[in-house]
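Peer 1: Structure, please.
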Amino acid sequence: MNVLMVVSECAPFIKTGGLADVAGALPSALATHDISCRTLMPAYPALKPLLAKGKEVAVLKDLPGGNARVVAVKAKGIDLLLLDQPDLYDREGGPYTSAQGKDWDDNHIRFAALAMAGTRISADGINGWRPEIAHAHDWQAALLPVYLKQLNITDVKSVLTIHNIAFQGRFGPHVLGALGLRQDWFHPEALEYYGDLGFLKAGLTMADQITTVSPTYAREILTPAFGAGLEGVLSARSHRLTGILNGIDLDVWNPATDDALQATYDARSLKRKAKTRAAIARRLGLSAKCDGPLFCVVSRLTEQKGLDILLEAVPHLVAKGGQLAVLGSGDPVLEQGFERAAKQFAGQVGTFIGYDEAFSHELQGGSDAILIPSRFEPCGLTQLYGLRYGTLPVVSQTGGLADTVVDANVAALNAGVATGFKVYDLTADGLRGTLDRVFDVYQSPKRWQSMQRAAMKNAFDWDASAQDYADVYKALHA
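Peer 2: From the prediction side, this is the model:
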């Protein structure tokens, strides 16, 4: 079976979040199920070297924003189809925002062009290769199912995956003409979303199958608390909604072979984590004499991630004898808050504002626990990395965090299956109470190492998830 993935980012080429990791890992996992994937994404400036190495395989005329060419190239094991439309994608800044952090004014054009390109490839194929499934990811590709319906392409089935329903792609109704969309579809049962064109909403109404990135999140988004206004649309199509948990690349995230670590290790040599912890301490100015647990944060610094709650709990964490290492960027208020904490608790709190992929590996390899007190979390990947590295996740009870972490309650500890700690009351007091449980277990090295080994044994790879996606694809063509 042939599947066309249509994405706005893909690791290791362009990454702003978990979508890129999924797009980078899923194709190779599907290959073991006799599924041939090609991944269509924009040719951003960082991909120019790949453009030069690739082969032009199509010229697409009259896309939103003008003409474009498609360049095929294989890199990092992924069969890429790069949409080369320089006026839209060859610009400084990120995939969605300028260097100043402001959304590009023409994002509706940029990502409608991506979706239409995917539709044209679905209709005509590339050098004899044509997909049976067109798989769109998030709002940036969500017009793909709409264009397939509009052009009456019925032999290619569409799948739309929601990675985070909070990001929806809303634009004024005046853009319909520029995007080549049917005006008579601008109503609440199709394209209209409270007077605007909703990219994600439109895709949800017309996709043949909808997936999201964990079973719990699939249930949560049917409710007003988590549905971000789309719970009604999803409830009406709940028979087409499936939650498939993300996996991780166990080769990329492997403490036994990770070059970013000062010392590699496995479940039998956990004491070797101490060498990487020492390197983290040197980099962030943390005291090397602390014998309490080192907690880390590797995250966008946003309220969604519950990091305002963590800031309130930092004094308690430090008073109990712990240390905190923070890597991330985002809300300026939170950035400033963690920088102040690093000054107030010098030697116990260290903050790196920005992102460094190698340092994220180092934090996973040298820390004792990773903090993820999210208000909502569709799947989450950092807790999966934590499990893989024996860095015990401290998580809220939501989305994929609920699906992947076994709380260290008495029964789970006695059975030897606990892999982390859950915050059931997501307040500063609730987090402080969970931190107390972490410290209690940490004081018993034997029990702590038992949890680490259980976590490492239960690392989530892509095998089961790839099978679930393969089942979805095959059911659409049954």
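Peer 1: count of neighbours near V233?
Peer 2: If you count neighbours by other Cβ atoms under 10 Å, V233 ends up with 21. Just so you know, the C-beta spots here come from the backbone N, C-alpha and C atoms, and that holds for glycine as well.
Peer 1: neighbouring contacts of the host helix or strand of it?
Peer 2: Assigned by DSSP states H and E, V233 belongs to helix 231-236. Contact with helix 231-236 is made by 201, 204-205, 210, 221-224, 227, 241, as judged by Cβ atoms under 8 Å, 6 or more residues apart in numbering.
Peer 1: likewise stretch 167-184?
Peer 2: 64, 107-109, 111-112, 116, 138-140, 142-143, 146, 150, 186, 191-193, 195-201, 228, 230.
Peer 1: Pull out the buried residues from the residues you listed.
Peer 2: 64, 107-109, 111-112, 116, 138-140, 142-143, 146, 150, 186, 191-193, 196-201, 228, 230 (16 or more other Cβ atoms under 10 Å).
Peer 1: what about A455, distance to A274?
Peer 2: Distance from A455 to A274, counting by Cβ to Cβ, to the nearest Å: 18 Å.
Peer 1: Those two: which is more packed in?
Peer 2: A455 (24 against 13).
Peer 1: Tell me if I am right that the more buried one is in a helix.
Peer 2: Yes - secondary structure of A455 (DSSP: H, G, I helix; E, B strand; the rest coil): part of a helix.
Peer 1: OK, contacts around it?
Peer 2: 386-388, 390-393, 419-420.
Peer 1: Mind checking which of those residues are in strands?
Peer 2: 392-393 (DSSP state E).
Peer 1: Include distance to R237, pLDDT and neighbour count when you put the contacts of A455 into a markdown table, please.
Peer 2: Listed next are the contacts of A455 as a markdown table, based on distance: Cβ to Cβ, whole Å; pLDDT from 0 to 100; neighbours: other Cβ atoms under 10 Å:
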| residue | distance to R237 | pLDDT | neighbour count |
| --- | --- | --- | --- |
| G386 | 34 | 98 | 31 |
| L387 | 32 | 98 | 28 |
| R388 | 34 | 98 | 24 |
| G390 | 40 | 98 | 27 |
| T391 | 38 | 98 | 28 |
| L392 | 37 | 98 | 29 |
| P393 | 32 | 98 | 24 |
| T419 | 34 | 98 | 25 |
| G420 | 33 | 98 | 26 |
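Peer 1: Tell me where the longest helix sits in the chain.
Peer 2: helix 107-124 (DSSP state H).
Peer 1: Please tell me how far stretch 100-110 is from the chain's geometric centre.
Peer 2: Counting by Cα atoms, centre = their mean, to the nearest Å, stretch 100-110 is centred 21 Å from the centre of its parent chain.
Peer 1: That stretch: end-to-end distance?
Peer 2: Its first and final residues considered, stretch 100-110 spans 18 Å by Cα to Cα, to the nearest Å.
Peer 1: In that stretch, which residues are buried?
Peer 2: 104, 106-110.
Peer 1: hmm, who's touching it?
Peer 2: With Cβ under 8 Å, 6+ apart, stretch 100-110 has contacts from 42, 64-65, 88-89, 91, 93, 96-98, 169, 171, 175, 178-179, 197, 199.
Peer 1: Let's see which of those residues end up in helices.
Peer 2: 88-89, 199.
Peer 1: So for Y355, what's the pLDDT?
Peer 2: Note on Y355: pLDDT of 87.
Peer 1: go on, W448?
Peer 2: Reported pLDDT for W448: 98.
Peer 1: helix/strand/coil for L80?
Peer 2: Going by three-state DSSP: L80 is strand.
Peer 1: Share the number of residues neighbouring it, please.
Peer 2: 24.
Peer 1: Okay, buried residues for the helix or strand of the chain at the bottom of the mean pLDDT ranking please.
Peer 2: Least confident helix or strand of the chain, by mean pLDDT, DSSP states H and E, is helix 18-31 with a mean of 92. Neighbour counts over helix 18-31 (16+ other Cβ under 10 Å) mark 18-30 as buried.
Peer 1: contacts for it?
Peer 2: 3, 5, 7-15, 37, 39, 41, 76-79, 137-138, 161, 163, 213, 246-249, 378-381, 462-463, 465-466, 469-470.
Peer 1: T419 and G390 touch, don't they?
Peer 2: No - the criterion here is Cβ atoms under 8 Å, and T419 misses it with G390 at 9.6 Å.
Peer 1: by contact count, what packs against the helix or strand that Q467 is a member of?
Peer 2: Here Q467, judged by DSSP H and E, is contained in helix 463-476. Applying 3 or more Cβ pairs under 8 Å, 6 or more residues apart in numbering; DSSP states H and E, one finds that helix 463-476 contacts helix 18-31, strand 157-162, strand 209-212.
Peer 1: Identify those among the contacts of helix 231-236 that sit within strands.
Peer 2: 210, 241.
Peer 1: Of the contacts of helix 231-236, select the buried ones using a PyMOL command.
Peer 2: Filtering those down to the buried ones (16+ other Cβ under 10 Å) takes a single PyMOL command:
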select buried, resi 201+204+205+210+221+227+241
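Peer 1: what's the closest of the contacts of helix 231-236 to P293?
Peer 2: Relative to P293, the closest of the contacts of helix 231-236 is I221; by Cβ to Cβ it sits at 33.9 Å.
Peer 1: Now for the closest residue to Y193 other than its chain neighbours: which residues touch it?
Peer 2: Of all residues not flanking Y193 in the chain, K201 sits nearest, at 4.3 Å (Cβ to Cβ, 6 or more residues apart in numbering). Residues in contact with K201 (Cβ under 8 Å, 6+ apart) are 168, 191, 193, 230, 233.
Peer 1: which of those residues sit farthest apart?
Peer 2: L191 and L230 (13.5 Å).
Peer 1: in the stretch 1-150 of the chain, which spans are strands?
Peer 2: 2-6, 36-42, 55-63, 66-75, 78-84, 133-137 (DSSP state E, counting those that start in this stretch).
Peer 1: ok, and which of those has the densest surroundings?
Peer 2: strand 133-137 (a mean of 28; mean count of other Cβ atoms under 10 Å).
Peer 1: all strands of the stretch 351-478 of the chain, in order?
Peer 2: 369-372, 392-396, 421-423.
Peer 1: Let's have those strands in CSV, adding distance to A475.
Peer 2: Listed next are the strands of the stretch 351-478 of the chain as CSV, based on distance: least, Cβ to Cβ, whole Å:
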stretch, distance to A475
strand 369-372, 33
strand 392-396, 32
strand 421-423, 33
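Peer 1: Can you pull the domain assignment for the chain?
Peer 2: Using automatic domain parsing, the domain parsing of the chain gives 2-247+463-476, 270-457.
Peer 1: how about those domains, which one is nearest W253?
Peer 2: Of these, nearest to W253 by Cβ to Cβ is domain 270-457, at 5.0 Å.
Peer 1: distance between the ends of the closest one?
Peer 2: 13 Å.
Peer 1: Around V156, how many other residues sit close by?
Peer 2: Neighbours around V156, by other Cβ under 10 Å: 23.
Peer 1: looking at it, it is touching G125, isn't it?
Peer 2: No - counting by Cβ under 8 Å, V156 sits too far from G125 to count as a contact (10.0 Å).
Peer 1: what's the overlap in contacts for those two?
Peer 2: P131.
Peer 1: thinking again about what came up before, of the strands of the stretch 351-478 of the chain, which approaches S450 most closely?
Peer 2: Per Cβ to Cβ, nearest to S450 of the strands of the stretch 351-478 of the chain: strand 392-396, 11.0 Å.
Peer 1: Thank you, goodbye.
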